[in-house]
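> Requesting a structural model of the entry that follows:
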Amino acid sequence: MVRGAAGSRKRGSARLRQRFATLTAARGPVSGRAPATVVSALGAMFISEQPTVHRISPSTLSVVFGTTGQDLCHPTATRRLLPGLATLGRVTSGPRDEASLSVLHVAQPGEYGVVTVLQGLVEDQVGRGWRVGVAGPVPIGTARHLPWKAGRSPGPAVVDEVRRLRAIVRLFAPDVVHLHSSKAGLAGRLVIRGRLPTILQPHAWSFLALTGPVATASLAWERMAVRWADTVLCCSDAERRRGIAAGISGSWSVLPNPVDLDRFPAGSEADRQAARAELGLDAAPLAVCVGRLSAQKGQDVLLDAWPQIRREVPAAELVLVGDGPARSDLEGRAPGGVRFAGRQESVTAWLHAADVVVQPSRYEGLSMSVLEAMASARSVVASDVEGMAEALGEGAGAIVAVEDAVALAQEVSLRLADPARARREGLAGRTRAEQNHDLRRWGEAVAELTAGVRRAHAGR
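From the prediction side, this is the model:
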């Protein structure tokens with residue numbers, strides 16, 4: 001009987017993988033009513049910052065899933081669509097003293113902002129004597145590393161990703177699970193489904209990266225699966241408001257992203273000169289943009305603005321710090337005066353060298369790069385996406401409309417041509433970072449939230 005049950009599960013998994021293969025291979029125009037396309041349910045659940053978007057016809061979807069788009073929002077949708085996954089995650093946690101809580105963090109990204117947040121969380125929670133694990137692609141600090149690799153984009157591999165995460169949850173037996181970003185939010189909620197205290201931290205909503213039917217499906221998933229999170233932890237109030245406006249009805253918490261004020265000290269004029277000498281830069285007016293080279297971060301908009309900036313400030317130089325899928329395209333279209341520094345283990349010297357830091361993102365939760373620039377006492381020009389206005393406030397830089405290259409050029413030029421103004425704004429940014437984004441106070445707040453979520457879950 002045991003061998004027969006195992007064989008049945010294997011056959012079910014094989015059929016499910018074939019369904020995914022059929023779905024992701026299907027191409028063609030989208031037609032019919034939008035709800036019919038929502039049935040790309042599990043395709044949309046794997047959305048990440050830069051997904052591979054497949055255009056799928058409703059007829060293919062109905063063949064693959066044998067259901068309609070409206071069914072996705074039904075409470076039993078995942079049980080009917082994916083019987084092989086519906087029984088996963090039957091995990092429980094026994095009582096434990098809050099002074100020695102066990103927390104499992106789950107994250108798909110292995111670099112940039114999510115990892116920076118995790119590093120701060122791990123350091124704080126391990127320091128409290130908690131048992132902390134990280135399921136993800138890379139070790140984080142002194143937490144126990146439970147290797148879990150997952151792709152960014154939709155595909156058949158999700159079946160194995162969920163099964164491997166289920167095994168990790170059972171092995172680690174956490175009191176609380178903290179899911180970071182979209183893929184972990186997908187896999188973790190499918191595994192746990194409300195059986196353990198769960199914190200979901202979007203780090204920017206997945207549906208903001210998308211258009212058309214895949215965005216519709218992603219949003220439908222978030223509306224349905226929010227029931228499996230004890231709280232949705234947003235890194236800015238704008239991120240919370242965006243979720244509510246999108247029809248996501250959950251329990252909300254807002255704790256603005258933190259920055260390590262010791263790791264990113266305020267840079268003086270002497271620090272600026274020393275950093276430029278270290279990096280081989282001259283005294284030319286310098287703009288710096290730090291982040292993954294991707295459509296999300298909007299470096300293409302900055303390159304569109306750069307010729308206008310150079311007309312206003314002819315000696316100006318721009319450095320893009322980071323790497324990513326858009327690098328080749330960006331290098332091919334870069335005008336004069338632009339340098340690509342690649343991925344850097346530390347960006348402190350680049351921030352200290354800058355006169356102004358630019359963040360032209362298309363969407364965010366709350367940019368860590370902006371907070372690091374503020375802590376480094378550098379003026380910031382950023383696009384008007386979630387978290388930017390809350391972080392900068394008045395006097396620490398400028399906010400421009402998303403994808404407005406003309407306005408971006410004007411604000412960057414103004415600061416490159418007026419270093420005294422840029423320095424004043426940088427000092428104002430440092431003050432705001434100290435007041436609103438201190439890593440130590442944030443760690444205390446997350447610890448209180450984590451313990452509170454566990455207490456509330458136990459009292460149900």
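> which residues in the stretch 351-460 of the chain form helices?
Assigned by DSSP state H, counting those that start in this stretch, the helices in the stretch 351-460 of the chain fall at 368-375, 388-392, 405-417, 419-436, 439-458.
> May I have the last one as PDB, with CA atoms only?
Extracted in PDB, the C-alpha atoms of helix 439-458 (Å, rounded to 0.1, in the frame of the first residue of the first chain):
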ATOM      1  CA  LEU A 439      18.100  49.400  12.200                       C
ATOM      2  CA  ARG A 440      18.200  48.700  15.900                       C
ATOM      3  CA  ARG A 441      14.700  50.200  16.600                       C
ATOM      4  CA  TRP A 442      13.300  48.400  13.500                       C
ATOM      5  CA  GLY A 443      14.700  45.100  14.800                       C
ATOM      6  CA  GLU A 444      12.900  45.700  18.100                       C
ATOM      7  CA  ALA A 445       9.700  46.400  16.300                       C
ATOM      8  CA  VAL A 446       9.900  43.300  14.100                       C
ATOM      9  CA  ALA A 447      10.600  41.200  17.200                       C
ATOM     10  CA  GLU A 448       7.500  42.500  18.900                       C
ATOM     11  CA  LEU A 449       5.400  41.900  15.800                       C
ATOM     12  CA  THR A 450       6.800  38.400  15.400                       C
ATOM     13  CA  ALA A 451       6.000  37.500  19.000                       C
ATOM     14  CA  GLY A 452       2.600  39.100  18.800                       C
ATOM     15  CA  VAL A 453       1.700  37.200  15.600                       C
ATOM     16  CA  ARG A 454       2.600  33.900  17.400                       C
ATOM     17  CA  ARG A 455       0.500  34.800  20.400                       C
ATOM     18  CA  ALA A 456      -2.500  35.800  18.300                       C
ATOM     19  CA  HIS A 457      -2.300  32.700  16.200                       C
ATOM     20  CA  ALA A 458      -2.200  30.500  19.300                       C
END
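> Just the angle for that helix relative to helix 419-436, thanks.
Helix 439-458 and helix 419-436 are oriented at 40 degrees to each other (axes from the mean of the first three to the mean of the last three CA atoms, to 10 degrees).
> Next, the buried residues of helix 439-458.
Of the residues in helix 439-458, 439, 442-443, 446-447, 449-451, 453-454, 457 count as buried by neighbour count, 16 or more other CB atoms under 10 Å. All C-beta spots, glycine's among them, are computed from the backbone N, C-alpha and C.
> One more: stretch 371-389?
371-383, 385-388.
> The helices of the stretch 351-460 of the chain into CSV, with extra columns for distance to residue 323 and mean pLDDT?
Converted to CSV, the helices of the stretch 351-460 of the chain look like this (distance: least, CB to CB, whole Å; pLDDT from 0 to 100):
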stretch, distance to residue 323, mean pLDDT
helix 368-375, 14, 97
helix 388-392, 23, 94
helix 405-417, 22, 98
helix 419-436, 26, 97
helix 439-458, 25, 95
